[in-house]
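> here is a sequence together with a model predicted from it:
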Amino acid sequence: MSFSDLFDSGFKKRNEDHFASIVRVAMDDGIISEEEKKFLDRLARNLDISEGDYKIILKDYQSHPINPPTSYDSRLERLYDLARMVYVDHIKGNQEEVLLRKIGVGLGFNPENVKYVVDKALILVGNGVDLETFTEEIKQMNR
């Protein structure tokens with residue numbers, strides 16, 4: 001196995017774990033709505049998740065760990081994706097927000113302020129901001 005094969009498999013595994021985290025949020029109510037399915041389909045393409053891996057992850061999403069990214073910007077990007085999934089589900093003050101906070105801690109956000117970060121993330125996503133604006137707003141909040 002070459003070095004590039006090791007890098008590719010590690011990158012692929014992180015993408016699969018990230019995707020599984022989002023599936024976990026989508027499945028919190030036991031079903032995946034049509035809007036969630038469309039979002040998952042787009043995300044799977046963006047993360048280069050194969051159709052076979054997609055099906056495996058949907059069936060066994062809980063076996064994937066939540067691997068926190070090393071950079072703050074990567075954490076914010078993952079939070080953005082997750083907040084968009086919760087928003088698509090039209091959930092406010094529900095179990096998915098609690099799960100999102102748990103995943104937020106798993107992504108490396110401080111447990112003491114994860115509620116505020118998640119609440120702000122949901123407001124920003126609800127306002128339709130793009131990733132760049134989302135990142136800037138969350139960073140300003142934490143200064």
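Perfect, I can see it now. Residues are numbered from 1 along each chain as shown.

> from Pro65, how far out is the most centrally placed residue in the chain?
In the chain, the centroid-proximal residue (C-alpha atoms, centre = their mean) is Leu82; its distance is 3.4 Å. Counting by C-beta to C-beta, to the nearest Å, the gap from Leu82 to Pro65 is 15 Å. For every residue, glycine as well, the C-beta is placed using N, CA and C.

> same question, Asp41
23 Å.

> quick one: neighbours of Glu34, just the number.
8 (other C-beta atoms under 10 Å).

> what's the pLDDT at it?
As predicted, Glu34 sits at a pLDDT of 82.

> about what we covered before: what sits against the residue nearest to the centre of the chain?
Leu82 makes contact with 21-22, 25, 100, 103-104 under the criterion C-beta atoms under 8 Å, 6 or more residues apart in numbering.

> how close does Leu124 get to Leu79?
10 Å.

> list the residues that contact both of those two?
Ile138.

> neighbour count: those two, which is higher?
Leu79 (26 against 22).

> ok, and the helix or strand in this protein with the lowest average confidence?
In the chain, no helix or strand scores lower on mean pLDDT, DSSP states H and E than helix 3-26, which sits at a mean of 71.

> what's next to that one, contact-wise?
32, 36, 39-40, 43-44, 47-49, 53-54, 57-58, 61-67, 69, 78, 81-82, 85-86, 89, 96, 99-100, 103, 106.

> list only buried entries from those.
Among the contacts of helix 3-26, those classed as buried by 16 or more other C-beta atoms under 10 Å are 32, 36, 39-40, 43-44, 47, 49, 53-54, 57-58, 61, 64, 66-67, 69, 78, 81-82, 85-86, 89, 96, 99-100, 103.

> in helices, which of those residues appear?
Among the buried ones among the contacts of helix 3-26, the ones falling in helices (DSSP state H) are 36, 39-40, 43-44, 53-54, 57-58, 78, 81-82, 85-86, 96, 99-100, 103.

> now for Lys115: which residues touch it?
Applying C-beta under 8 Å, 6+ apart, the residues near Lys115 are Arg101.

> and it, how far is that from Tyr54?
For Lys115 relative to Tyr54 (C-beta to C-beta), the value is 31 Å.

> what do you get for Gly30?
19 Å.

> same question for Asn46.
Taking C-beta to C-beta, one finds Asn46 at 12 Å from Tyr54.
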